[in-house]
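Asker: Structure for the following, please:
(chains A, B, C and D)
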There are 2 protein chains.
Amino acid sequence: MGVTIKDVAKKAGVAPSTVSRVIADNPRISLETKKRVRKAMKDLGYHPNFNARNLAVRSSQAIGVIMPSSADKALQNPFFPEVLRGIGAYAHKTEYSLYVSTGGNEEEVFEEVKRMVNGNRVDGIILLYSRIADPVQQFLIEKGFPFVIVGKPQEQENEITYVDNDNVKASKELTNHLIDLGHEHIAFIGGAPELTVTIDRLNGYKTAIKEANLELPAEYFAHAEFLKSGGRDAVEQLFALDIPPTGLVVADDLMSFGVISTLEELGLSCPEDVSITSFNNLYLSEITTPPLTTVDIQIYMLGFQSARCLIERTKNKEEPVKRIIVPYEIQYRQSTKELDGKNR
Amino acid sequence: MGVTIKDVAKKAGVAPSTVSRVIADNPRISLETKKRVRKAMKDLGYHPNFNARNLAVRSSQAIGVIMPSSADKALQNPFFPEVLRGIGAYAHKTEYSLYVSTGGNEEEVFEEVKRMVNGNRVDGIILLYSRIADPVQQFLIEKGFPFVIVGKPQEQENEITYVDNDNVKASKELTNHLIDLGHEHIAFIGGAPELTVTIDRLNGYKTAIKEANLELPAEYFAHAEFLKSGGRDAVEQLFALDIPPTGLVVADDLMSFGVISTLEELGLSCPEDVSITSFNNLYLSEITTPPLTTVDIQIYMLGFQSARCLIERTKNKEEPVKRIIVPYEIQYRQSTKELDGKNR
DNA sequence: ATGAAAGCGCTAACAA
DNA sequence: TTGTTAGCGCTTTCAT
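Answerer: Modelled structure (predicted):
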């Protein structure tokens, strides 16, 4: 099957190399022949074979996108399709394709990465997660293979290109909002503690609390899974304390839903009894009850920019290491309210 | 860069073709040499170049996954990462890679498909949506290119391999559940009306209503977008009717959240005032208030099976057209309750 | 401005 | 059981 460059060459009465040049829009080919060749291509329904092309130029015009392993339900987070959409937009623009590795366990993810890299399937990789001591990251660094992280690397921050929000600042701002509303007992519920994003958001929270000279008991940091049971445990523990919090900084909208649900089971309601703030501004956070006060981290933009960095880098070896901080914007909605007398 | 098959051959003292055979685990190579070659591969850190391989065998060991265009927010539906996970699981097992096309507008999606197909980037395609008069589907059929649909084709049902649930039956069962609970005024809220899935679920609903000899006023079918405003419009209209429904069959969990939210704004609550049933059993539907009575359509399995069909097909031209119906299971939770006196 | 020819790294007849 | 050789379809020197 398949009409090749030779067929086109024959039909247009030129050499294959000329056809190749026409494809590349080489300026040293006369407009005359270009037209003739293009017509031949069209008539024959010619489409370049990418495997052949890639073999010849040793590149693949494709980038790999690595999702975290899906031991938990984290992958059901709409965050992923949304970054993917951002990445896809830039990739499409530049005629790159997207290879994705979707979860499985950690080992499988690693295997996928190795397949992509070793098999020359992709020119670069985007990591959709960042955590401490990640063998994948280590592998990529050792190979000197181009990659960018959506999020912030835990180590070697200056040698890795990454696209992130200022999570520390955002988290601090969120916490301060609660403080401004009169809350004095504010707890933090984060995701997996080895994720950089959790660490940063926890730090921002801590900073704000300290600066306001509020108490910061160790029992006020909880880590919940996205899974219901996990979230419930965290909330139950928190609200069984002598002084339960009246304000919550939660690291992810999806977790907030679980938290609100558990609160209701405990007979507490949001925002009357406890104010909740969180992160991501998923489409969902606008339509639930109550709508969430949350940080819009611009997921799409995170994806778009990461693709841009990576593709620019694969096109130009000299492109320097970059750090791109995507601005965030807090959406104030109904999950937070001024602390009223009875709770003080 | 890159150590090639020749290097390995030289080091092992054999011909390149022998190395190739070892890679393919050809049975006519002595165990002796296999071992020697494998050692050489390991010592040299050899990895086959897939572009070269694919060029030689005219295949790519990759499948394309096409998401719907993302004009709306539909892509934020956790359905997608979840099917992707299922597809990825089977793909990984069989050492296939995944190419994805993520949204953009319809034209861009189509371009992506053409790129994948014409450029020999993939051996087959999985369509994650199905709707009437889809140019992509048409293109694939004309080309005779292997593809499978997650969902049900609108035309040429017998010539296309697809993986779906029995949506008609599920929807009927859901509706009957409401009827059994005493509801007599049941409305349907679907997604985009050109999607097959919407059509099927609407039909199941209608059938149940008719069989129970209940009324079926035209105003009882609403179509909502995933976007909040759309869902709100539908709900507001429905509940402004002379006889507002007390039961709802909603085509997607995500839409149900919007519906519940709008209801609350109207001063109605679920399940006290209106019972809601829906589809998908997203992780979310379990943790919100109230937890949803919803059809578990086994999203992961839909993905897994579609990948299986497609990969089996690409491996064997003779593989017949298939239809796979993944069983569903209704999860009864708290969004539905017996109609009490006051609402009759 | 264009052509000839040598690869890119691998597979697959065909020989031996 | 293994080696030789001719491609797969494209790009890219090097000539002309």
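
Asker: going forward, measure contacts and count neighbours with C-alpha atoms only.
Answerer: Fine.

Asker: helices or strands up against the lowest-mean-pLDDT helix or strand in chain A?
Answerer: Here the helix or strand of chain A ranked lowest by mean pLDDT, DSSP states H and E is helix A:228-239, holding a mean of 79. The contact analysis (3 or more Cα pairs under 8 Å, 6 or more residues apart in numbering or on different chains; DSSP states H and E) places helix A:228-239 against strand A:221-223, helix A:253-265.

Asker: which of those is buried the deepest?
Answerer: Among those, helix A:253-265 has the highest mean neighbour count (mean count of other Cα atoms under 10 Å in any protein chain shown), at a mean of 24.

Asker: and that helix, what does it pack onto?
Answerer: helix A:228-239, strand A:275-279, helix B:284-287.

Asker: Number of residues surrounding A:Leu178?
Answerer: Applying other Cα atoms under 10 Å in any protein chain shown, we find 25 other residues in the vicinity of A:Leu178.

Asker: swap in the one 10 residues further on?
Answerer: A:Phe188 sits with 25 neighbouring residues when counted by other Cα under 10 Å.

Asker: Might you report the residue contacts of it?
Answerer: Applying Cα atoms under 8 Å, 6 or more residues apart in numbering or on different chains to A:Phe188 gives the contacts A:202, A:205, A:220-222, A:248-251.

Asker: right, and the pair among those residues with maximum separation?
Answerer: By the measure Cα to Cα, A:Tyr220 and A:Ala251 form the most distant pair in those, at 13.7 Å.

Asker: wait, what's in contact with the residue in the stretch 151-300 of chain A that DNA strand D sits nearest to?
Answerer: Nearest residue of the stretch 151-300 of chain A to DNA strand D, counting by Cα to the nearest atom of the strand: A:Thr161, 26.6 Å away. By Cα under 8 Å, 6+ apart, the contact set of A:Thr161 is A:147-149, A:309, A:321-323.

Asker: quick one, phi psi at it?
Answerer: Backbone torsions for A:Thr161, taken as degrees, to the nearest 10, come to phi -80, psi 130.

Asker: what residue ranges in the stretch 101-250 of chain A score low on pLDDT?
Answerer: Within the stretch 101-250 of chain A, the segments meeting pLDDT under 70 span A:225-230.

Asker: all helices of the stretch 1-150 of chain A, in order?
Answerer: Secondary structure of the stretch 1-150 of chain A (DSSP state H, counting those that start in this stretch): helices located at A:5-12, A:16-23, A:31-44, A:50-57, A:79-93, A:106-118, A:135-143.

Asker: Could you pull out the buried residues of the fourth one?
Answerer: This points to helix A:50-57. Judged by neighbour count using 16 or more other Cα atoms under 10 Å in any protein chain shown, the buried positions of helix A:50-57 are A:50-55.

Asker: Could you dump those into a markdown table with distance to A:Val235 and pLDDT added?
Answerer: Formatted as a markdown table, these follow (distance: Cα to Cα, whole Å; pLDDT from 0 to 100):
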| residue | distance to A:Val235 | pLDDT |
| --- | --- | --- |
| A:Phe50 | 53 | 87 |
| A:Asn51 | 53 | 90 |
| A:Ala52 | 57 | 92 |
| A:Arg53 | 56 | 92 |
| A:Asn54 | 53 | 91 |
| A:Leu55 | 55 | 92 |
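
Asker: which one of those residues is nearest B:Ala62?
Answerer: Taking Cα to Cα as the measure, B:Ala62 lies nearest A:Asn51 of the buried residues of helix A:50-57, at 12.0 Å.

Asker: Quick check: residues of the stretch 1-150 of chain A near DNA strand D?
Answerer: With the criterion set to Cα under 7 Å from any atom of the strand, the stretch 1-150 of chain A comes near DNA strand D through A:1-6, A:16-21, A:23-24, A:47-50, A:52-53, A:55-57.

Asker: Just the buried ones from those?
Answerer: For those, buried by 16+ other Cα under 10 Å: A:4-5, A:16, A:18-20, A:47-50, A:52-53, A:55.

Asker: picking up where we left off before, with distance to A:Ile141 and mean neighbour count as added columns, please give the helices and strands packed on helix A:253-265 in a markdown table.
Answerer: Listed next are the helices and strands packed on helix A:253-265 as a markdown table, based on distance: least, Cα to Cα, whole Å; neighbours: other Cα atoms under 10 Å in any protein chain shown:
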| stretch | distance to A:Ile141 | mean neighbour count |
| --- | --- | --- |
| helix A:228-239 | 34 | 19 |
| strand A:275-279 | 30 | 28 |
| helix B:284-287 | 37 | 22 |
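
Asker: which of the buried ones among the residues of the stretch 1-150 of chain A next to DNA strand D sit farthest apart?
Answerer: Among those, A:Thr18 and A:Leu55 lie farthest apart (Cα to Cα), at 18.9 Å.

Asker: Quickly list the domain ranges of chain A.
Answerer: The record assigns chain A these domain ranges, following automatic domain parsing: A:1-38, A:62-165+A:299-328, A:167-297+A:330-343.

Asker: residues touching the closest residue to A:Asn118 other than its chain neighbours, list them.
Answerer: Residue nearest to A:Asn118 in three dimensions, not counting chain neighbours: B:His47, with 5.8 Å by Cα to Cα, 6 or more residues apart in numbering or on different chains. If a contact means Cα under 8 Å, 6+ apart, then B:His47 has A:118-119, B:3-4, B:41 as its contacts.

Asker: I'm done for today, thanks for sticking with me.
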